[in-house]
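Peer 1: Prediction below, plus the sequence it came from.
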Amino acid sequence: MPKKFIILTLAAVLISVFADATATAHPKKPRPLTDGFVLAGVDGELTGSDSNDKWFFKLDSDVSDDKGGAAEAGTKLQLMPSATLEKMLANTKERSNTTYRLWARVTNYKGKNFLFPIHFLAISKIESPQPQPIQQQEIHSAINDPNDALTIPPELLEKLQTRKIVRVEQLRKGVELKQDSILADRTAFIIGADDDVVLTLDALGRNIQGVSIHLLPCRTLEMAQLAQANELDPVRFKVAGILTQYKGRYYLLLQRAIRTYSHGNFGN
């Protein structure tokens, strides 16, 4: 056998062994969950600090979507400001523990996942578990499956489909949102960066004063910011999204942001 062939064979074996050892020592991190994926009744713990008002949901089980995204048990996903989060925080003051079953929309912003809470149920921890009938155990298992779309209660689906559309005039008056609503087809500018991105509404070139809406991190916002970064002048977008309120401030989870052009008819 030629000496050169033997050397090449040994080199290939060594490279293979080294690659396997490297993969074992540094396992590949799972891809973030896909933007728009819905957590359907996932158990976990609400954690955070009052000092910076950032709150997280610690998953009790692994979660994965159908596009290769995943989050392992124990992962802490940041909860976005919303009316539902405010209700959860109020609920924690009445309870001895912070365990919840959560329904939430997952967003992906710059490679990091966030949760927009939709609905929650408080769960009480049982110190000494008692045997349960087989039928009840099967029902519990089905409800707790984070990837089962059927776990969304019918009343919750109806709630999501009947969100009210909010008019700008109502926001200018400082209306208090009792539930998440829809802001649809408004022309606006996206201003700011990092953790302080604001939507400034615009109408036929005239800014609508007195309305400040903070934008929540999501893929749609990231794409709009990329479009703005490629332009020197402010870019107008026609936006739509889920409007919520947290501690007196308005927040918007963008669902759509389409660039508009004035063609020189007004302003930029």
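Peer 2: Yep, that arrived. Numbering: from 1, shown residues only.
Peer 1: Show me the domain layout of this protein.
Peer 2: 38-125+142-160, 163-259 (automatic domain parsing).
Peer 1: As a check, name the ranges of all helices in the stretch 101-250 of the chain.
Peer 2: Under the criterion DSSP state H, counting those that start in this stretch, the stretch 101-250 of the chain contains helices at 134-143, 154-161, 168-172, 219-229.
Peer 1: For the helix or strand hosting Lys58, buried residues please.
Peer 2: Following DSSP states H and E, one finds Lys58 within strand 54-59. Along strand 54-59, these residues count as buried under the neighbour rule (16 or more other Cβ atoms under 10 Å): 55-59. From N, CA and C alone the C-beta is placed, and that goes for glycine too.
Peer 1: now stretch 73-86
Peer 2: 75, 77, 79-86.
Peer 1: and which of those residues is nearest Lys112?
Peer 2: Set against Lys112, the nearest of the buried residues of stretch 73-86 by Cβ to Cβ is Leu77 (9.1 Å).
Peer 1: Next one: the closest one from Gln228, what distance?
Peer 2: Plainly put, Leu77 is 27 Å away from Gln228 if you go by Cβ to Cβ, to the nearest Å.
Peer 1: now Leu89
Peer 2: Note on Leu89: its distance to Gln228, by Cβ to Cβ, is 33 Å.
Peer 1: ok, now Leu39?
Peer 2: 30 Å.
Peer 1: quick one: which of these two has more around it?
Peer 2: Remark: of Leu39 and Gln228, Leu39 carries more neighbours, 27 against 18, as counted by other Cβ atoms under 10 Å.
Peer 1: Regarding that one, what is its secondary structure?
Peer 2: Put simply, Leu39 is strand when judged by DSSP: H, G, I helix; E, B strand; the rest coil.
Peer 1: Name the residues linked to it by a beta bridge.
Peer 2: Beta-bridge pairing for Leu39 (DSSP bridges): Ala104.
Peer 1: can I assume it is in contact with Val63?
Peer 2: Yes: assessed by Cβ atoms under 8 Å, Leu39 is found in contact with Val63 at 6.6 Å.
Peer 1: Can you flag the weakest of the helices of the stretch 101-250 of the chain by average pLDDT?
Peer 2: Of all the helices of the stretch 101-250 of the chain, mean pLDDT reaches its minimum on helix 134-143 (a mean of 35).
Peer 1: quick one, strands of the stretch 51-200 of the chain?
Peer 2: 54-59, 63-64, 70-71, 76-79, 99-109, 112-122, 181-193, 196-203 (DSSP state E, counting those that start in this stretch).
Peer 1: Among the ones you listed, which comes closest to Val239?
Peer 2: Using Cβ to Cβ, the nearest of the strands of the stretch 51-200 of the chain to Val239 is strand 181-193, at 5.4 Å.
Peer 1: The closest one packs against which elements?
Peer 2: Applying 3 or more Cβ pairs under 8 Å, 6 or more residues apart in numbering; DSSP states H and E, one finds that strand 181-193 makes contact with strand 196-203, helix 219-229, strand 236-246.
Peer 1: Which one of the strands of the stretch 51-200 of the chain lies nearest to Pro30?
Peer 2: Judged by Cβ to Cβ, the one of the strands of the stretch 51-200 of the chain that comes nearest to Pro30 is strand 70-71, at 3.9 Å.
Peer 1: Strand partners (parallel or antiparallel) of the closest one?
Peer 2: Strand pairing for strand 70-71, using DSSP bridges, gives strand 63-64 (antiparallel).
Peer 1: quick one: average confidence on stretch 111-128?
Peer 2: The average pLDDT for stretch 111-128 rounds to 84.
Peer 1: Same check on stretch 179-195?
Peer 2: The average pLDDT within stretch 179-195 is 84.
Peer 1: Just the buried positions in it, please.
Peer 2: Neighbour-count burial for stretch 179-195 flags 180-181, 183, 186-190 (criterion: 16+ other Cβ under 10 Å).
Peer 1: hmm, back to that, let me know the closest of the buried residues of strand 54-59 to Arg31.
Peer 2: Using Cβ to Cβ, Leu59 is the member of these that lies nearest Arg31, at 15.7 Å.
Peer 1: how close does the closest one sit to Ala70?
Peer 2: 11 Å.
Peer 1: and what of Gly241?
Peer 2: From Gly241 across to Ala70, the span is 26 Å (Cβ to Cβ).
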